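>>> Curious how this folds, go ahead:
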Amino acid sequence: MAWRYMFFDRLANSLPVSTPCPARFYSKSAPSYLVKVGIPEFLNGIGKGVESHAAKLETEIGDFHQLLVTRTLKLKKLGIPCKHRKLILKYTHKYRLGLWRPRTEPVKA
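Prediction:
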């Protein structure tokens, strides 16, 4: 039992103290978003007809951060169809995690 402590202690002392970590490489650099995101910009970024509810959400919810924590039942009470509710909730979740942001300029078709 004592030989284990001696062996592992000697092994631990022989290792270098600062081992260099390999550099991390990412496939994409994070673009800088200078445009402040509001409800209309967010819904335009989603697209697929969701932007038609921008005025309704602006008046009822008001703040973009309030939209990020809104539940599906509140969106249902506002009269937003199921397909659009799913899209709004999907993209708000992605936005909160930092996985998605609306584009600053519209996509050219």
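>>> packing partners for whichever helix or strand K74 is part of?
Element membership for K74 (DSSP states H and E) is helix 72-77. Counting contacts by 3 or more C-beta pairs under 8 Å, 6 or more residues apart in numbering; DSSP states H and E, helix 72-77 is packed against helix 82-97. For the C-beta atoms, the positions are set from N, CA and C on the backbone; glycine is no exception.
>>> residue ranges with poor pLDDT in the chain?
Applying pLDDT under 70 to the chain flags residues 1-35, 104-109.
>>> and with 90 instead?
1-37, 62, 102-109 (pLDDT under 90).
>>> in it, which spans are helices?
2-14, 39-46, 54-60, 64-68, 72-77, 82-97 (DSSP state H).
>>> Of those helices, which stretch is the most buried?
helix 39-46 (a mean of 19; mean count of other C-beta atoms under 10 Å).
>>> And the contacts of that one?
Around helix 39-46, the neighbours that count as contacts under C-beta atoms under 8 Å, 6 or more residues apart in numbering are 35, 50-51, 53-54, 57-58, 61, 64, 67, 87-88, 91, 95, 101-103, 106.
>>> How about stretch 76-95?
With C-beta under 8 Å, 6+ apart, stretch 76-95 has contacts from 42-43, 45-46, 48-50, 53, 56-57, 60, 67-68, 70, 72, 75, 100-101.
>>> Using CSV, write out every CA atom in that stretch.
Extracted C-alpha coordinates of stretch 76-95, given in CSV (Å, rounded to 0.1, in the frame of the first residue of the first chain):
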residue,chain,number,x,y,z
LYS,A,76,-52.7,31.0,-28.2
LYS,A,77,-54.9,33.5,-26.4
LEU,A,78,-53.6,36.3,-28.7
GLY,A,79,-54.9,34.3,-31.6
ILE,A,80,-51.6,33.2,-33.2
PRO,A,81,-51.9,29.9,-35.2
CYS,A,82,-50.2,26.8,-34.0
LYS,A,83,-47.6,26.7,-36.7
HIS,A,84,-46.5,30.3,-36.0
ARG,A,85,-46.5,29.7,-32.3
LYS,A,86,-44.1,26.8,-32.7
LEU,A,87,-41.8,28.8,-34.9
ILE,A,88,-41.8,31.7,-32.4
LEU,A,89,-41.1,29.5,-29.4
LYS,A,90,-38.4,27.5,-31.3
TYR,A,91,-36.5,30.6,-32.3
THR,A,92,-36.9,32.3,-28.9
HIS,A,93,-35.3,29.3,-27.3
LYS,A,94,-32.5,29.3,-29.9
TYR,A,95,-32.0,33.0,-29.3
